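Asks: A structural model of the following input is requested.
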Amino acid sequence: MTLLPETTRRIDEIAARAQAHGRVPSLALAVVRDRAVLHFAGAGENPRPDPKTQYRLGSITKTITATLVMQLRDEGFFALDDLLYRHLPGTPIGGVTLRQLLGHVSGLQREPDGPWWERHAGGDVDQLLAGLTYEKLTGPPFRRYRYSNLAYGLLGAVLARVTGQSWADLVTKRVLDPLGMKRTSLLPLEPYARGYVVHGLDGTLHEEPRPDSGAMAPAGQLWSTVTDMAKWAGFLADPAPAVLARETVDEMCSPVAIADLESWTVGHGLGPQLFRVGERVYAGHGGSMPGYVSHLAVHRRSRMGVVVFANAYGLGGSEHIKDLSLRTLTTVLDSEPEAPVAAWQPPAPPRGEAAEICGRWWWMGREYDIVPDGENLVMIGPHHRTVFRREAPDRWRGTTGDNEGEVLSVLRSPEGTTSAIDIATFVFSRDPRHLA
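Replies: Got it, this is the predicted structure:
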């Protein structure tokens, strides 16, 4: 797939304006799809951006930590509703759950004790836990959304305790290697962009330190490239079963909390952040570390995404890197044509029990049609669509749509013919006058 020339021109202009108005040494912006970079737009000379140049991810790292948590949950190491003290016994904040930590609804404060962890070398897990006090809990879980870097440091500690391996080894073996992300690393590897604070008065550059965050690494340590982040965006849109099942990634991208209760434009799942722009919802995450800001946004249905890196501690002016990322992705989706419409083909005739169920049904004076869709059945009615999959004789389960999770039961007459269908106690009849 290639983008239209007008789309690429607009992306190049967006990147150039963001670098110039934001006064950042360099800015790397890429439109990605299906694990590949469709278009790369770089601006600035310090360094000149390249798709294979590393920048620091910051909190995009949290989506990878969350993936590890969900992997181990699926493998039976723990349940998301386990209390923290089950895996970190003795901690004074052990009454929160792993699920609450993932979704930033645990009530924990944002940062651990000690010096600012993002700018100083971090200690080990024991030091992190030793600094915990009950006062780190600001209120009961789920009272409100409260973003917490500390929560992800604790999740990293749980991962290490239950596996006996370091977080860094788990990330490499379980995520980066299977996805071929060879230029994503714990510490920077040349070529990488040096990070700066751009002074607001005279524009001078002050290079920032690049410490190993130690036990807080699961919250924001990783370095990566546009090329590798294209693979990560592809994974979020179209999961690789060797890393995580699609159903589990769908679970991660379902909202746990809404961050802005007035406008409902930002939420959080089990790891990914969720952004609503108009009628679309994007999954991804932002990130910052001293000298760097980053953002990843993916429209999962179209598998289109945007990756943005800058090697300054924020964009100058009024624009945030999140706004730049979301605006770019929206521009691409608005500008590019939808996928070609597949030609209609008559479905294969239904057989057996499916043939008995297909056709017209009535409930409360409303007409519904059940039609075949491969091995499944689709019910279509007024403002209604549900896909059903056969589980057993006379029993079908809703997999998507209005009746997802509900059971369709075939009701039979004494002679064994299909007389009605029952969906969650709602009985549908072939008789248009049926009102039960």
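Asks: show me the domain layout of this protein.
Replies: The chain breaks down into these domains under automatic domain parsing: 5-335, 353-428.
Asks: just tell me which of the ones you listed ends up closest to A342.
Replies: When the domains of the chain are compared for distance to A342 using CB to CB, the nearest one is domain 353-428, at 13.6 Å. The way it works is simple: take the backbone N, C-alpha and C, and place the C-beta from them, glycine included.
Asks: how about the helix or strand where F40 lies as CSV, C-alpha atoms only?
Replies: Counting by DSSP states H and E, the element that carries F40 is strand 36-44. Taking C-alpha atoms only, strand 36-44 is exported to CSV below (Å, rounded to 0.1, in the frame of the first residue of the first chain):
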residue,chain,number,x,y,z
ALA,A,36,5.7,-1.4,7.8
VAL,A,37,6.5,2.3,7.4
LEU,A,38,4.3,3.7,4.6
HIS,A,39,5.8,7.2,4.8
PHE,A,40,8.5,8.8,6.9
ALA,A,41,8.8,12.5,7.5
GLY,A,42,11.8,13.9,9.3
ALA,A,43,12.6,17.5,10.2
GLY,A,44,15.6,19.1,11.9
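Asks: each with direction, which strands does whichever helix or strand comes after that strand pair with?
Replies: Using DSSP H and E, the helix or strand that follows strand 36-44 in sequence is strand 55-56. Here strand 55-56 is paired, per DSSP bridges, with strand 223-224 (antiparallel).
Asks: can you list contacts of the partner strand?
Replies: If you take CB atoms under 8 Å, 6 or more residues apart in numbering as the criterion, strand 223-224 is touched by 54-57, 60, 181, 183-189, 192, 232.
Asks: now, those that are in helices?
Replies: W232 (DSSP state H).
Asks: highest neighbour count among the contacts of strand 223-224?
Replies: L57 (31 neighbours; other CB atoms under 10 Å).
Asks: does it touch G287 like I think?
Replies: Yes. Counting by CB atoms under 8 Å, L57 touches G287, with 5.1 Å between them.
Asks: who's in contact with L29?
Replies: L29 makes contact with 11, 14-15, 18, 40-43, 306-309, 324, 328, according to CB under 8 Å, 6+ apart.
Asks: and it, that one's in a helix?
Replies: No. Going by DSSP: H, G, I helix; E, B strand; the rest coil, the assignment for L29 is strand, not a helix.
Asks: overlap of the contact sets of L57 and G287?
Replies: Residues touching both L57 and G287 (CB under 8 Å, 6+ apart) are 220, 294.
Asks: let me see the ranges of the helices in the stretch 301-436 of the chain.
Replies: With DSSP state H, counting those that start in this stretch as the criterion, the stretch 301-436 of the chain has helices at 321-335, 353-357.
Asks: what's the neighbour count on the residue nearest to T265 when sequence neighbours are not counted?
Replies: In space, and not counting its chain neighbours, T265 is closest to R276: 4.8 Å by CB to CB, 6 or more residues apart in numbering. For R276, the neighbour count with other CB under 10 Å is 17.
Asks: repeat for V298
Replies: Residues near V298, counting by other CB under 10 Å: 28.
Asks: circling back to that earlier point, for the strand holding F40, the distance to its chain's centre please.
Replies: On the basis of CA atoms, centre = their mean, to the nearest Å, strand 36-44 sits 22 Å off its chain's mean C-alpha point.
Asks: do stretch 364-382 as well
Replies: Computed by CA atoms, centre = their mean, the chain-centroid distance of stretch 364-382 equals 32 Å.
Asks: tell me which residues in that stretch are buried?
Replies: 368, 370, 372, 377-379, 381 (16 or more other CB atoms under 10 Å).
Asks: and of those residues, the nearest to P5?
Replies: Nearest to P5 among those, with distances taken as CB to CB, is V378, at 39.3 Å.
Asks: can you pull up the bridge partners for the closest one?
Replies: Under the criterion used (DSSP bridges), V378 bridges to V371, V387.
Asks: let me know whether it touches V371 as I believe.
Replies: Yes. V378 lies in contact with V371 (CB under 8 Å); the separation is 5.4 Å.
Asks: biggest helix in this structure by residues?
Replies: What stands out as the longest helix in the chain, according to DSSP H, is helix 5-22.
Asks: okay, buried residues for it please.
Replies: In helix 5-22, counting by 16+ other CB under 10 Å, buried: 7-8, 10-12, 14-16, 18-19, 22.
Asks: centre of the chain to it, how far?
Replies: Mean C-alpha position of helix 5-22 versus that of the full chain (CA atoms, centre = their mean) differs by 26 Å.
Asks: ok, now stretch 66-81?
Replies: Worked out by CA atoms, centre = their mean, stretch 66-81 lies 16 Å from the chain centre.
Asks: which of the three states applies to the nearest residue to A310 once chain neighbours are set aside?
Replies: Nearest residue to A310 in three dimensions, chain neighbours excluded: V24, at 4.3 Å (CB to CB, 6+ apart). Of the three states, V24 takes coil under three-state DSSP.
Asks: is it true that V24 touches Y313?
Replies: No. V24 is not in contact with Y313 according to CB under 8 Å; the separation is 9.4 Å.
Asks: any shared contact partners between those two?
Replies: Common contact partners of V24 and Y313 (CB under 8 Å, 6+ apart): V198.
Asks: which of the two has more residues huddled nearby?
Replies: Using other CB under 10 Å, the more surrounded residue of V24 and Y313 is V24, with 25 against 19.
Asks: against T331, how distant is that one?
Replies: 20 Å (CB to CB, to the nearest Å).
Asks: just R10 next, same as before
Replies: Taking CB to CB, one finds R10 at 6 Å from T331.
Asks: what's the neighbour count on V158?
Replies: V158 has 24 neighbours, counted by other CB under 10 Å.
Asks: just the buried residues of the helix or strand hosting it, please?
Replies: Assigned by DSSP H and E, V158 falls within helix 149-163. Applying a neighbour-count criterion of 16+ other CB under 10 Å, one finds 149-160, 163 buried in helix 149-163.
Asks: picking that back up, quick one: strands adjacent to the strand holding F40?
Replies: Strand 36-44 is paired, per DSSP bridges, with strand 26-33 (antiparallel).
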